[in-house]
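Visitor: Return a 3D structure for these sequence lines:
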Amino acid sequence: MARRIDINRIIKSQFVRDLPFIIAGCAIAGFATDAFMVPNGLAAGGLTGLATIIAELGRRVGLNLPVGLQTIVMNALLILVVVRSGGLKYVVQTITGFVLFGFFTDLFAPFVLHVDHSDLMLSALWGGIVSGIGYGLVFRCGANTGGSDTIGQIIARKSSLPVGATVMAIDVAVCAASAPVFSLTNALYAALAMVVMGYVVDVVVDGGNSQRAAFIISDACEDIEHDILHAMDRGCTRLLAQGSWTKKDRPVLFFVLSRREISIIKTIVYEHDANAMLIITDVNEAIGYGFKSIG
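Guide: Numbering: from 1, shown residues only. Model (predicted):
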């Protein structure tokens, strides 16, 4: 009989193991929000950007509306809508993320040094980089900080719109809404910060481990396969395929390689068969022989 795996126990142990990284990520993102974004009027999308706009409007009429507390309240209201479909794990991870982020944002606000208000480029770039590192740590652990992702899920559930496009539209709308409150220049720099942040998040989540996958269709399949296995020391898999025109069965070689090995496989393939079909595509993460272990 196959050994049964206690998934719930694994999830709980992973959450406890990852909690210090979630805390660190929320602290880093909160610091970036206080040091670069809020004091310079950069509302880079999401509920944090919306809270930045509301905080500025409140300040003009003499009200103190902390950005962190606002994000906690708004996320708490949103989580009630998705709690029934997200599952307990999703709810716990989301609540942990947005509560810690809101807490650190308001905790650091009175103490952090602000970048010169006249240099919005510096604030946008470093705000995007540092907050991207923080959010990336949180996302890498499977947690999140709520915000526009939650709104996107709600809208997608009620309509046919994809979540990714909906989240992007929400973030762009928040940046645009900040223009009348701060300025068009601030809104454009906020959009720049948002783009940089997204790129850094992807790098952190992928762990700098992005690889390439290659598909090879060739009449010299045996020779190419030999060089992949022995010269490149890579594992390789034969996929059984059939030509649409000829209706003949023929193998397709599939294997994963690093970016620096692209020129090597191109040389190997075209040395053996100049008419071969070589397709190279992106792989976010590779786990196994020649790459990293699953642990």
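Visitor: Which secondary structure element is home to V256?
Guide: Using DSSP states H and E, V256 maps to strand 249-257.
Visitor: Just the CA atoms of the helix or strand following that strand, as PDB, please.
Guide: The helix or strand immediately downstream of strand 249-257 is helix 262-272, counting by DSSP H and E. Provided in PDB are the C-alpha atoms of helix 262-272 (Å, rounded to 0.1, in the frame of the first residue of the first chain):
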ATOM      1  CA  ILE A 262      22.100  28.200 -25.400                       C
ATOM      2  CA  SER A 263      25.000  28.800 -27.800                       C
ATOM      3  CA  ILE A 264      26.300  25.300 -27.000                       C
ATOM      4  CA  ILE A 265      23.100  23.500 -28.000                       C
ATOM      5  CA  LYS A 266      22.800  25.700 -31.100                       C
ATOM      6  CA  THR A 267      26.200  24.600 -32.200                       C
ATOM      7  CA  ILE A 268      25.600  20.900 -31.400                       C
ATOM      8  CA  VAL A 269      22.300  20.900 -33.300                       C
ATOM      9  CA  TYR A 270      23.400  22.600 -36.400                       C
ATOM     10  CA  GLU A 271      26.700  20.700 -36.600                       C
ATOM     11  CA  HIS A 272      24.700  17.500 -36.900                       C
END
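Visitor: Any buried residues in helix 262-272, and which?
Guide: For helix 262-272, a neighbour-count test (16 or more other C-beta atoms under 10 Å) marks 264-265, 268-269, 272 as buried. Bear in mind the C-beta positions are built from the backbone N, C-alpha and C, glycine included.
Visitor: Same question for stretch 103-112.
Guide: 103-106, 108-109, 112.
Visitor: Helix or strand: which one has the nearest residue to V167 once chain neighbours are set aside?
Guide: Once flanking residues are discounted, V167 sits nearest to G152: 3.9 Å by C-beta to C-beta, 6 or more residues apart in numbering. G152 is part of helix 148-158 when elements are defined by DSSP H and E.
Visitor: just to revisit the earlier point, nearest to H226, out of the buried residues of stretch 103-112: which one, please.
Guide: For the buried residues of stretch 103-112, the closest approach to H226 (C-beta to C-beta) belongs to F104, at 55.3 Å.
Visitor: Can you read off the pLDDT for the nearest residue to that closest one once chain neighbours are set aside?
Guide: Closest residue to F104 apart from its sequence neighbours, by C-beta to C-beta, 6+ apart: G30 at 3.2 Å. Per-residue pLDDT puts G30 at 93.
Visitor: what distance separates stretch 57-71 from the centre of its chain?
Guide: Distance of stretch 57-71 from its chain centroid, counting by C-alpha atoms, centre = their mean, to the nearest Å, is 29 Å.
Visitor: swap in stretch 263-275?
Guide: 35 Å.
Visitor: Could I get the average pLDDT for it?
Guide: The model assigns stretch 263-275 a mean pLDDT of 87.
Visitor: Next: stretch 42-50.
Guide: On average, the pLDDT along stretch 42-50 is 89.
Visitor: Next, the distance between the ends of it.
Guide: The first and last residues of stretch 42-50 sit 10 Å apart, counting by C-alpha to C-alpha, to the nearest Å.
Visitor: swap in stretch 149-167?
Guide: Distance across stretch 149-167, first residue to last, is 6 Å (C-alpha to C-alpha).
Visitor: Contacts for stretch 255-267, please.
Guide: 210-214, 216, 228, 232, 234-237, 278, 280, 283, 286, 288, 290-291 (C-beta atoms under 8 Å, 6 or more residues apart in numbering).
Visitor: mind listing which of the residues you listed are in helices?
Guide: With helices defined by DSSP state H, the entries of the contacts of stretch 255-267 inside them are I228.
Visitor: Quick one: buried ones out of the contacts of stretch 255-267?
Guide: 211-212, 214, 216, 228, 232, 234, 236, 278, 283, 286, 291.
Visitor: pLDDT and distance to S183 for these - can I get that in CSV?
Guide: Output for these, formatted as CSV (pLDDT from 0 to 100; distance: C-beta to C-beta, whole Å):
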residue, pLDDT, distance to S183
Q211, 81, 43
R212, 88, 43
A214, 93, 49
I216, 94, 54
I228, 89, 56
M232, 82, 54
R234, 85, 53
C236, 90, 56
L278, 93, 50
V283, 82, 42
A286, 75, 45
F291, 69, 47
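Visitor: Just name the closest of those residues to S148, please.
Guide: Proximity of these to S148 (C-beta to C-beta) peaks at V283, which lies at 27.3 Å.
Visitor: Can you name the residues bridging to that closest one?
Guide: On the basis of DSSP bridges, V283 is bridged to Q211.
Visitor: That one contacts R212, correct?
Guide: Yes - using C-beta atoms under 8 Å, V283 is in contact with R212, at 6.1 Å.
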